[in-house]
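A.B. asks: coords please:
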Amino acid sequence: MTEVTSVDHIIIAVRDLKEAEKNYTAIFGRAPSWKGVHPGVGTGNILYRLANTYVELYAPVAEGANAEALKAHLDAHGEGLYGIVLGVDDAAATAAFNARGLKSGTPVDGKGRDEITGAIREWRTIAMPKDEVRGLFMLGIQHLSPAAALPPAPLSEGVSETQAVAACDHVVVMTPDAEACKALFGDKLGIRLALDHTKPEWGVRQLFFRAGGVTIEVVEPLDKAKAPKAEHFWGLAWKAEKVEAVRDRLAAAGLDVSEVKPGRKEGTAVATIRPPTNGVPTILVGSL
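C.D. replies: Residues are numbered from 1 along each chain as shown. Predicted structure coming up:
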């Protein structure tokens, strides 16, 4: 049976891969795991494999159907968080999603080549039509190549593990309808709902879905005037072993980053990373 096992990777839409690589290598304190192209469809990517997911910087680089669709998205919305890809154990078994009321597409095989090493990776994806997932860009993916085909993003020169981003803590989805998202992520996709609470003092209702060590945080503003017209992926929180150590490295490198302050969860600390983040509202979260 098809089950969501992870947030396999997070896609950030960018116009210029070299510029985005510079930004995210600085943020993560890590070099890319992979630099590739998608032959025939006009897009290219740079990947950073972290402890619990990998990050894909995704850009149009040539002519092709996917490049045209991505250009249209960038023209309409600008750079930013484009979507997530959910890990599944068997992309051929789409019947499980269909049985839950999610009409997923036919599995499609894909292949990519790493421009760094020449390595080849292969995968199989399940399309999730946007009208089935409230307009969000999501796919299911089953990797056909071994995990070692995408190595961990190596530390940049002079950066220690304590100073680097280790993982993704959570992905934020803004919604006008938390109940509809509860049905989508919980009932149709089968992702575990870890917490559902309303915080009038913060003006929000929050749902926390967890898969493979990554949290999908769904936020509905209680003030309907502040609610978005439709769901969209919004921001990212990167996990740091020591927030202060990562913050100090970023500040020393000239990045615009806030002071460290206590997080909402007891025992945590947070810091805001300001642009350039390629349109993604970004925080660090972890211990002091």
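A.B. asks: check which residues of the strand or helix carrying A76 are buried.
C.D. replies: A76 belongs to helix 65-77 when elements are defined using DSSP states H and E. Buried residues in helix 65-77, counted by 16 or more other Cβ atoms under 10 Å: 67, 70-71, 73-74. Yep, even glycine has a C-beta here, placed from its N, CA and C like the rest.
A.B. asks: avg pLDDT for stretch 128-141?
C.D. replies: Averaged over stretch 128-141, pLDDT sits at 95.
A.B. asks: hmm, back to that, let me see the mean pLDDT of the helix holding A76.
C.D. replies: The model assigns helix 65-77 a mean pLDDT of 96.
A.B. asks: roughly how far is that helix from the heart of the chain?
C.D. replies: Mean C-alpha position of helix 65-77 versus that of the full chain (Cα atoms, centre = their mean, to the nearest Å) differs by 18 Å.
A.B. asks: how about that helix as CSV, C-alpha atoms only?
C.D. replies: Extracted C-alpha coordinates of helix 65-77, given in CSV (Å, rounded to 0.1, in the frame of the first residue of the first chain):
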residue,chain,number,x,y,z
ALA,A,65,7.4,22.5,-21.1
ASN,A,66,8.4,22.5,-17.5
ALA,A,67,10.6,25.6,-18.0
GLU,A,68,7.6,27.4,-19.5
ALA,A,69,5.3,26.5,-16.6
LEU,A,70,8.0,27.5,-14.1
LYS,A,71,8.6,30.9,-15.8
ALA,A,72,4.8,31.5,-15.7
HIS,A,73,4.8,30.8,-12.0
LEU,A,74,7.8,33.0,-11.3
ASP,A,75,6.2,35.9,-13.3
ALA,A,76,3.0,35.5,-11.4
HIS,A,77,4.3,34.9,-7.9
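A.B. asks: before we move on, the earlier item: ok, so of the buried residues of helix 65-77, who is nearest V204?
C.D. replies: Comparing the buried residues of helix 65-77 against V204 with Cβ to Cβ places H73 closest, at 26.6 Å.
A.B. asks: any idea what the residue nearest to the closest one when sequence neighbours are not counted is bridged to?
C.D. replies: Among residues not flanking H73 along the chain, A13 sits closest, at 6.0 Å (Cβ to Cβ, 6 or more residues apart in numbering). Beta-bridge partners for A13, by DSSP bridges, are Y58, G80.
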